[in-house]
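[1] Fold the following and give me the result.
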Amino acid sequence: MWRLDIPRGTDRYFVRPAPSGRVAVAADLDASSFAFFDLRGSQIAWFDAHGLDIVWWKWLEDSSGLLMATRTYVNGTATTELSVFGPYRGNRTVLGEAGTGPDEPVLSPDGRWLGFTTECCPQRIVASRLDGTERRLLFTSPVRISLLGWDARSRVMYADARQLHWIGLDSKPSDEAAIDLGLPAGVNAGPVRIIEQSPDRGAAFIGMFADRTFPGAGSNNYGIRRLVGDRLYEVTSLGQIVGWLNDREFVDSRRPPVAVDILTGSIRSLGVSEDQLQPWALSGRILLAQGNKTEMYVLRLGVDDHYRLLDVPGNLHCCPAPLGDGLFLFYGVDGWLYVVNGEVAATP
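    Have a look, this model is predicted:
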């Protein structure tokens with residue numbers, strides 16, 4: 001285990017690693033600035049946000065920079081404006097007005113476009129190039145809709161009260177498609193979103209609320225469907241997705257952990273007999289589980305049938321972020337970031 005030589009998180013500094021775990025940002029709320037660091041501790045970029053009324057910010061899915069929403073006014077009406085910046089995106093580039101929260105804007109598979117919606121109603125689906133050179137209106141709806149994301153063909157997916165739709169960037173009829181959400185007559189979907197999508201975007205788990213109960217729904221009229229290509233299937237059970245083994249199989253968090261095929265729904269054993277620990281994260285072939293607040297365990301998938309105690313100080317917060325190759329990134333209670341080598345820890 002080793003500590004990263006980047007700024008320590010405090011009441012003033014919010015330190016957040018990128019999804020890749022290979023770069024981190026330190027947001028200085030007092031100075032309204034963002035400093036970017038690699039994992040060697042070198043500062044690789046800096047951005048001055050002084051004077052901007054920031055509503056929220058988050059990392060882009062490809063870890064190339066930050067997406068930020070700032071409060072602005074259009075024709076006297078308050079709204080929010082999206083922009084991107086960061087170590088691999090350059091200075092701030094304004095993408096346009098968007099009445100959306102941080103969970104909705106979605107990056108295209110090639111990393112060139114951002115899809116988002118405007119305030120309702122009417123509600124519009126817009127795709128903007130992240131370099132700011134182009135903005136396309138893809139669809140306008142007189143009622144509220146849900147933007148889900150992109151599929152493997154770089155089509156935008158959205159849902160209305162009864163159907164799931166696809167539309168292409170070029171608005172070609174050949175790219176357009178729609179399927180029924182499978183709700184009974186008289187039942188309408190409310191918010192619909194992608195819970196998890198396969199790495200190749202060929203399949204996904206879709207969660208939806210409805211105004212009445214429907215087959216497979218639980219409390220609050222909420223249910224999950226499995227989307228494969230252009231077909232929806234009911235889901236018998238789904239725990240937490242710990243990590244992906246390949247483009248179609250993921251590790252499910254049940255005890256003991258199993259591999260689930262998102263395309264077929266089939267389950268296979270991972271050869272783990274230990275059923276007392278909760279699987280939490282996957283990095284390479286290393287599966288990490290948590291016991292109590294301070295005890296964590298690792299095993300090598302395909303090699304071990306029991307976990308081995310991870311010998312680390314008790315000052316690490318859950319929840320670890322996988323870096324790949326058996327490495328995990330932890331927050332320490334002291335505000336520093338630490339890297340733990342799970343491959344070494346799991347080897348007798």
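
[2] Just give the number of residues close to F47.
    By the measure other C-beta atoms under 10 Å, the count of residues near F47 is 21. Every C-beta, even on glycine, is put in place using the N, C-alpha and C of the backbone.

[3] Same check on S174?
    7.

[4] so which helix or strand takes in the nearest residue to A177 once chain neighbours are set aside?
    Distance criterion C-beta to C-beta, 6 or more residues apart in numbering; nearest residue to A177, sequence neighbours excluded, is W166 at 4.5 Å. Assigned by DSSP states H and E, W166 belongs to strand 163-167.

[5] Just give me the residue right at the centre of the protein.
    The residue lying closest to the centre of the chain (C-alpha atoms, centre = their mean) is E61, at 6.8 Å.

[6] coming back round to it: list the helices and strands the next helix or strand after the strand holding W166 packs on?
    Remark: after strand 163-167, the chain's next helix or strand is strand 177-180, criterion DSSP H and E. Contacts defined by 3 or more C-beta pairs under 8 Å, 6 or more residues apart in numbering; DSSP states H and E place strand 177-180 against strand 163-167, strand 231-234.

[7] What strands flank the first one, and is each parallel or antiparallel?
    Take DSSP bridges as the rule and strand 163-167 pairs in its sheet with strand 156-159 (antiparallel), strand 177-180 (antiparallel).

[8] Export the ones you listed as JSON lines, with columns for distance to W150, mean pLDDT and mean neighbour count.
    Shown next, in JSON lines, are the strands paired with strand 163-167 (distance: least, C-beta to C-beta, whole Å; pLDDT from 0 to 100; neighbours: other C-beta atoms under 10 Å):
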{"stretch": "strand 156-159", "distance to W150": "6", "mean pLDDT": "97", "mean neighbour count": "23"}
{"stretch": "strand 177-180", "distance to W150": "14", "mean pLDDT": "96", "mean neighbour count": "14"}
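
[9] So for A203, which of those strands sits nearest?
    A203 sits nearest to strand 156-159 of all the strands paired with strand 163-167, at 12.2 Å, using C-beta to C-beta.

[10] What lies in contact with the closest one?
    Strand 156-159 is contacted from outside by 115, 125, 127, 138-139, 145-151, 164-169, 181, 189, 192, 194, 208, using C-beta atoms under 8 Å, 6 or more residues apart in numbering.

[11] how many neighbours does Y73 have?
    Using other C-beta under 10 Å, Y73 has 9 neighbouring residues.

[12] check which helix or strand covers it.
    Following DSSP H and E, one finds Y73 within strand 66-74.

[13] who does that strand pair up with?
    Strand 66-74 pairs in its sheet with strand 54-59 (antiparallel), strand 77-86 (antiparallel), by DSSP bridges.

[14] Include mean neighbour count when you put those into a markdown table, please.
    Listed next are these as a markdown table, based on neighbours: other C-beta atoms under 10 Å:
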| stretch | mean neighbour count |
| --- | --- |
| strand 54-59 | 16 |
| strand 77-86 | 18 |
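
[15] Any chance of CSV for the strands paired with strand 163-167, columns distance to A217?
    As requested, the strands paired with strand 163-167 are exported to CSV (distance: least, C-beta to C-beta, whole Å):
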stretch, distance to A217
strand 156-159, 16
strand 177-180, 16
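
[16] Tell me which of those sits nearest to G335.
    Nearest of the strands paired with strand 163-167 (C-beta to C-beta): strand 156-159, 39.2 Å.

[17] R3 pairs with what?
    Here R3 sits in beta bridges with Y338, going by DSSP bridges.

[18] How about R268?
    A259.

[19] wait, doesn't it sit right on P257?
    No. With contact defined as C-beta atoms under 8 Å, R268 and P257 do not form a contacting pair (11.0 Å).

[20] And the two? Which one has more around it.
    Using other C-beta under 10 Å as the criterion, R268 and P257 rank with P257 on top: 25 against 10.

[21] ok, then the element right after the helix-or-strand element of the chain with minimal mean pLDDT?
    The helix or strand of the chain with the poorest confidence is strand 316-324; it has a mean of 76 (mean pLDDT, DSSP states H and E). Downstream of strand 316-324, the first helix or strand assigned by DSSP H and E is strand 327-332.

[22] Spit out the contact partners of G324.
    Shown in contact with G324 (C-beta under 8 Å, 6+ apart): G21, S283, G284.

[23] For those residues, point out the one with the lowest pLDDT.
    For the contacts of G324, the weakest pLDDT value sits at G21, with 84.

[24] so that residue makes contact with D325?
    No. Using C-beta under 8 Å, G21 makes no contact with D325, being 10.5 Å away.
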